[in-house]
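*Asks:* Curious how this folds, go ahead:
(2 chains)
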Amino acid sequence: MSETIRESAGVASAGPPADVELRSVGPCQYEIACRAGTGMRVPARIFADEELLGQIRRDRSISQLVNVTTLPGIVDAALGMPDMHEGYGFPVGGVAATRLPDGAISPGGIGFDINCGVRLLVSDLRGEDVTPSLEALVHEMSRSVPAGYGRHGRLALTRDEMDRVLGDGCPYLVREHGLGRPEELALIESGGVIAGADPSQVSERAKRRGEDQLGTLGGGNHFIEVQVVDAIFDERAARAFRLFSGQVTVLVHTGSRGLGHQVCTDHVKLMDEALHRYGITVPDRQLACVPFSSPEGRSYFGAMCAAMNFAFCNRQVIAQRARDVFRRVLHDRPGAELRLVYDVAHNTAKVERHGDRTLCVHRKGATRAFGPSSGEIPAAYRGVGQPVLIPGSMGTASYVLAGTDEADALSFSSTCHGAGRAMSRGAAKRRVQGHVLRKELLARGIVVRCPSNQELAEEAPLAYKDVDRVVDVVHRAGIARKVARLRPIGVVKG
DNA sequence: ATGTCC
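*Replies:* Predicted coordinates for the structure are as follows:
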């Protein structure tokens, strides 16, 4: 058997996606009923409008979401976000909560890029203040943050340092390496350290892959953007997040690189071999899972949390580099100091209380979005909601949203994670030439640094759904609230 | 997403 299980067979009863009956059950909500004899344990529910639903139906993601409803211990419903598309076993843009202690944990429900996520930094400068320095900012950023597939960084972690990164996350980098400010730790999801991390469950191979990757961006849709706030939708929330119209911001979108990928690969294989011992059958081998409380479940959860810490640290290092570049290029000009607004993950599984239940909430391409009354968000944002950071596709807008209290019941406090692919990488390459796209972006005033024209073409805006529409849907559905839109002026890509 | 097939 190959290490990554590639065969994938959907539930026969789910039928071709285009034929699945979707019933409107609320504002921007559609449901596939739980049907007897199909193995479904709960309904599947999708947040979308007609247009996005049409796009979602074009791939196998709806069948995959129906498969997710068969996971042991799943509660309420398997949820699809409006940016949903096909993924490994489980759709990207999918949420599944299983009841603890014995509900399932499935690596496919988190994804290969464990703790892929987003960090937002803001300056006190306005767009026109940086325009003359924009080329230099983007250029220096591309020099100090290695970008692109397979790239390695300038930090080489010893094995002890790696274990501290994996076990202790951002507080370790701040307190023992001076990388970042102590007061900013509270502005990272879970304080930048997941308590359940167990570095001893991360394979040597995974640690080796990660040892020179801290502070690197990676490829695909990962990016660092210099942006300008071009719309404010909620003045009060924007003030709380310290955002203003015309302001220059920096958004970092990356994850756990080869280390997280290897953790996923290792544990999918282990679970594929183990699940029969727990009497579990899944409609697709890519949905391999075990009870959360089993040895294999604890091992994966410990390793996955450690990979989450690695990703938080990766964004921490990159943010420090961006901060240094801003200081240097803008000659310590007042206002050039980058401040952290928030850092949030969108590929995770977390143990959370929802109502009176303790659940393992799988979010794959779905952002945690806690509401104003949550006790687990920074004090500065109580009464407003957690900042929810939504990276758009290259050259298009990104969004800052705020979590809502209603999302607890609607989506286990989860929302979308971005535009979501509408076209495969291959299809995008056939439709777009990288060097043409580069010129088009430049003509729109966007400076791009990307080592590969091919990778650029794969990330063309036409390969993605319309992020404005995706965000409108989550706003209308009540699972997040629009706060501000960010327009890119400089992009560093893999 | 990913040392893009150990």
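
*Asks:* Contacts only, for the residue of the stretch 51-200 of chain A found nearest DNA strand B.
*Replies:* With C-beta to the nearest atom of the strand, the shortest gap between the stretch 51-200 of chain A and DNA strand B falls at residue A:112, namely 3.5 Å. Every C-beta, even on glycine, is put in place using the N, C-alpha and C of the backbone. Residue A:112 makes contacts with A:88, A:260-261, A:264-265, as judged by C-beta atoms under 8 Å, 6 or more residues apart in numbering.

*Asks:* between these, which is closest to residue A:239?
*Replies:* residue A:260 (35.3 Å; C-beta to C-beta).

*Asks:* isn't that closest one right next to residue A:312, touching?
*Replies:* No: with contact defined as C-beta atoms under 8 Å, residue A:260 does not count as touching residue A:312 (11.4 Å).

*Asks:* Next, the residue of the stretch 51-200 of chain A closest to DNA strand B: secondary structure please.
*Replies:* Classification of residue A:112 using DSSP: H, G, I helix; E, B strand; the rest coil returns coil.

*Asks:* if we can go back for a sec, identify the farthest-apart pair in the contacts of residue A:112.
*Replies:* A:88 and A:260 (13.0 Å).

*Asks:* Setting aside sequence neighbours, what's the nearest residue to the residue of chain A found nearest DNA strand B?
*Replies:* DNA strand B sits closest to residue A:220 of chain A, with a gap of 1.8 Å, by C-beta to the nearest atom of the strand. Spatially, and ignoring its direct neighbours in sequence, residue A:220 is nearest to residue A:494 (6.5 Å; C-beta to C-beta, 6 or more residues apart in numbering).

*Asks:* Point out the residues in chain A that sit beside DNA strand B.
*Replies:* Within chain A, the positions adjacent to DNA strand B are A:2-4, A:88, A:112-113, A:116, A:149-150, A:205, A:208-209, A:213, A:218-222, A:254-255, A:257-258, A:261-262, A:459, A:494 by C-beta under 7 Å from any atom of the strand.

*Asks:* that older thread, which residues does the residue nearest to residue A:220 contact?
*Replies:* Residue A:494 sits in contact with A:147-149, A:151, A:217-220, A:222-223, A:450-452, A:455, where contact means C-beta under 8 Å, 6+ apart.

*Asks:* what's the spacing between it and residue A:222?
*Replies:* Separation of residue A:494 from residue A:222 (C-beta to C-beta, to the nearest Å): 6 Å.

*Asks:* Common neighbours of those two, please.
*Replies:* With C-beta under 8 Å, 6+ apart as the test, residue A:494 and residue A:222 both reach residue A:147.

*Asks:* which parts of whichever strand or helix holds residue A:224 are buried?
*Replies:* Following DSSP states H and E, one finds residue A:224 within strand A:223-232. By neighbour count with 16 or more other C-beta atoms under 10 Å, strand A:223-232 contains the buried residues A:223-230, A:232.

*Asks:* and the closest residue to residue A:421 other than its chain neighbours, bridged to which residues?
*Replies:* Using C-beta to C-beta, 6+ apart and skipping the chain neighbours, the partner closest in space to residue A:421 is residue A:85 (4.8 Å). Beta-bridge partners for residue A:85, by DSSP bridges, are residue A:92.

*Asks:* hang on, isn't residue A:85 packed against residue A:61?
*Replies:* Yes: the pair residue A:85 / residue A:61 is scored as a contact, 5.4 Å apart, by C-beta under 8 Å.

*Asks:* sorry, back to before: what does the model give the residue nearest to residue A:421 for pLDDT?
*Replies:* Residue A:85 is assigned 96 on the pLDDT scale.

*Asks:* Would you quantify the distance from it to residue A:339?
*Replies:* From residue A:85 to residue A:339 the distance is 34 Å (C-beta to C-beta).

*Asks:* So for those two, which residue has more residues nearby?
*Replies:* residue A:85 (26 against 14; other C-beta atoms under 10 Å).

*Asks:* quick one: contacts for the more buried one?
*Replies:* With C-beta under 8 Å, 6+ apart, residue A:85 has these contacts: A:56, A:59, A:61, A:91-93, A:420-422.

*Asks:* Please repeat the previous calculation with a cut-off of 10 Å.
*Replies:* A:55-56, A:58-61, A:64, A:91-94, A:365, A:419-424, A:464-465 (C-beta atoms under 10 Å, 6 or more residues apart in numbering).

*Asks:* Quick check on those residues: which are buried?
*Replies:* A:55-56, A:59-61, A:64, A:91-94, A:365, A:419-423, A:464-465.

*Asks:* number of nearby residues for the residue nearest to residue A:380 when sequence neighbours are not counted?
*Replies:* Nearest residue to residue A:380, sequence neighbours excluded (C-beta to C-beta, 6+ apart): residue A:240, at 6.6 Å. Residue A:240 has 21 neighbours, counted by other C-beta under 10 Å.

*Asks:* center of chain A, which residue is that?
*Replies:* residue A:346 (2.8 Å; C-alpha atoms, centre = their mean).
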